[in-house]
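A.B. asks: Give me a model of this one.
(chains A and B)
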Amino acid sequence: MTDSGPQPAEDPAASLEQAVAEAFFGVIGAPDDIAVLTAADDALARLDAALAARPGR
Amino acid sequence: MAVSTGIGAPVLDAIRTHTRAQNSSSFLAMNRGTGIFTVPGLEGVIAYRRSGRYLVQFGGPFAPPESYEPLLDAFTAFAERKGVSVVGVQLQEYDAKMYAERGFTVNQIGASYTVDLDTFSLRGSRFMQLRNKISRSFRAGLQVEEADPARCEAALKEIDQAWLGTKGAHELEFLIGQIGGAAQEHRRLFLGRIEGRPIGYISYSPVYGGRPGWMHDLSRRLPDGPPGVMEAINVTAIERFTKENVPWLHFGFTPFTGLEERHELPGHSPGFTRLMHFLWENGDAVYPARSQLAYKEKWAPDIVRPQYAAFQGRASVGGFAHIFRACNAF
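C.D. replies: You can find the predicted model right below:
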């Protein structure tokens, strides 16, 4: 029998961070597409909100 | 308000005179194709390029204290009339604080690197690999001379064609040094040849202000040249500068490097900070930051200074991407 202990909680910001990175490369692919630009900035705003909501901040 | 492209005495005067921000790359404001924004009655200039829905401003205003903020305000109003946003790049610490106080979101995007030539030496174990590399290139027959680009156009063209051939179709602009044109009289060029064949060059731009000297600017080489060519050219230039009592050699800005939490200002975007760290780890396709930093660190820079981007309102991924587009990176 093994006790591996509680699994570490997944960092919710990690997926948002990935989304921002993907959005950055998305802008490179479509630099004049307003929808792409807006979505990229919105992804960053969501990441900022998630980081601001972390305990201790 | 006047908007013009091209260089002239007003731009050179501004970057020579208004050096409070200590922007070691300020000579890039002289680049052909870079827009210059001025306002009658206000001393100083703003250098910028349009990219899509953004005006990408290089550095802060090169202006005296009394016109710095009015010039910035006029520039943002100019952008607003055009229906575009301002994004600043390569803002120095002085600029960053000013922009943050005016409501811009300011984030560190990299760092610049400077060597103190008064104390610089290649002695010691730290520089053993560098010395060996330099020696190899000289043993391969490398000869380095300070050259006039007008007299070695064919040589430069040969190197450029070979270099750009390995880099793909995009020749970077705006935040990259140039050779030739009316600004050339202020630059210096060191050219390396092996058995008469041009093999590499480094262009140096003047740096004004509290750490005057030269900036290791545009540099290119033949891809099939021996190792150590750029290092040997640079050490030759350093020897010349040292004899001239030039105090500082600047290596300029490299994005995604030198990122430290202590450099961030109040109001910065933590999400954008994470993006910068991501691009340091994974951004080679965007900009070869790691290899560029490795070259600069060979020279053991004495001063590493944060460099910033500034966004009107919240941080903008699109705005940041357009900095690279303004540089013709994609």
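A.B. asks: switch to C-alpha atoms for all contacts and neighbour counts from now on
C.D. replies: Will do.
A.B. asks: Name the spans of the chain whose pLDDT lies under the cut-off.
C.D. replies: As the question left the chain open, I've gone with chain A. Filtered on pLDDT under 70, chain A yields the residue ranges A:1-10, A:56-57.
A.B. asks: my bad, the chain I had in mind was chain B
C.D. replies: Using pLDDT under 70, the flagged stretches of chain B are B:1-7, B:167-169.
A.B. asks: can you pull out the helices in it?
C.D. replies: Taking DSSP state H, the helices of chain B run over residues B:9-17, B:65-82, B:93-101, B:128-139, B:153-167, B:229-243, B:270-282, B:289-297, B:317-326.
A.B. asks: deepest of those, which one?
C.D. replies: Looking across those with neighbours counted as mean count of other CA atoms under 10 Å in any protein chain shown, the highest average goes to helix B:317-326: a mean of 24.
A.B. asks: The residue of the stretch 101-250 of chain B found nearest chain A pairs with what?
C.D. replies: Per CA to the nearest CA, B:T105 is where the stretch 101-250 of chain B lies closest to chain A, at 12.3 Å. Beta bridges link B:T105 to B:F311 when assigned by DSSP bridges.
A.B. asks: So B:R131 is in contact with B:L122, correct?
C.D. replies: Yes: here B:R131 reaches B:L122: they are 7.1 Å apart, a contact under CA atoms under 8 Å.
A.B. asks: ok, the spatially most central residue of chain A - contacts?
C.D. replies: In chain A, the residue lying closest to the centroid (CA atoms, centre = their mean) is A:L16, at 1.3 Å. Taking CA atoms under 8 Å, 6 or more residues apart in numbering or on different chains as the criterion, A:L16 is in contact with A:43-44, A:46-47.
A.B. asks: nearest to B:A237, of the residues you listed?
C.D. replies: Nearest to B:A237 among the contacts of A:L16: A:L44, at 43.9 Å, using CA to CA.
A.B. asks: Next, count neighbours for the closest one.
C.D. replies: A:L44 is flanked by 29 other residues according to other CA atoms under 10 Å in any protein chain shown.
A.B. asks: do B:K298 as well
C.D. replies: For B:K298, using other CA under 10 Å, the count is 13.
A.B. asks: For stretch B:260-269, measure first residue to last.
C.D. replies: Start-to-end span of stretch B:260-269 (CA to CA, to the nearest Å) is 14 Å.
A.B. asks: and residue 12, what does it touch?
C.D. replies: By default, I'm working from chain A. Contacts of A:P12 by CA under 8 Å, 6+ apart are A:A50.
A.B. asks: Oops, wrong one, chain B.
C.D. replies: Listed by CA under 8 Å, 6+ apart, the contact set of B:L12 reads B:27, B:30.
A.B. asks: and what of B:P223?
C.D. replies: When contacts are counted by CA under 8 Å, 6+ apart, B:P223 touches B:162-163, B:166.
A.B. asks: Let's see that with 6 Å instead.
C.D. replies: Applying CA atoms under 6 Å, 6 or more residues apart in numbering or on different chains, we find B:P223 in contact with no residue.
A.B. asks: measure it to B:M230 for me?
C.D. replies: B:P223 sits 11 Å away from B:M230, going by CA to CA.
A.B. asks: for B:R314, same thing?
C.D. replies: Counting by CA to CA, the gap from B:R314 to B:M230 is 41 Å.
A.B. asks: do B:F190 as well
C.D. replies: In terms of CA to CA, B:F190 sits 10 Å off from B:M230.
A.B. asks: Write out the residues of the stretch 151-300 of chain B neighbouring chain A.
C.D. replies: Where the stretch 151-300 of chain B comes near chain A, counting by CA under 6 Å from any CA of the partner chain, the residues are B:G271.
A.B. asks: How about the residue in the stretch 151-300 of chain B that chain A sits nearest to: what's its closest non-neighbour residue?
C.D. replies: In the stretch 151-300 of chain B, the residue that lies nearest chain A is B:G271 (4.9 Å; CA to the nearest CA). Taking CA to CA, 6 or more residues apart in numbering or on different chains, and ignoring the residues beside it in sequence, B:G271 has A:D48 as its nearest neighbour in space, at 4.9 Å.
A.B. asks: How many residues are close by the residue of the stretch 1-150 of chain B found nearest chain A?
C.D. replies: Going by CA to the nearest CA, chain A is nearest to B:G52 of the stretch 1-150 of chain B, at 6.1 Å. Close neighbours of B:G52, defined as other CA under 10 Å, add up to 17.
A.B. asks: how about it, phi and psi?
C.D. replies: Phi and psi for B:G52, reported as degrees, to the nearest 10, are phi 60, psi -120.
A.B. asks: Not counting its neighbours along the chain, what's nearest it?
C.D. replies: A:D32 is the one closest to B:G52 (CA to CA, 6+ apart), at 6.1 Å.
A.B. asks: So the one you found belongs to a strand, correct?
C.D. replies: No: using DSSP: H, G, I helix; E, B strand; the rest coil, the assignment for A:D32 is coil, not a strand.
A.B. asks: mind listing what B:I323 touches?
C.D. replies: For B:I323, the contact set (CA under 6 Å, 6+ apart) is empty.
A.B. asks: Touching, B:D116 and B:H250? I think so.
C.D. replies: No: with contacts counted by CA atoms under 6 Å, B:D116 stays clear of B:H250, the gap being 8.7 Å.
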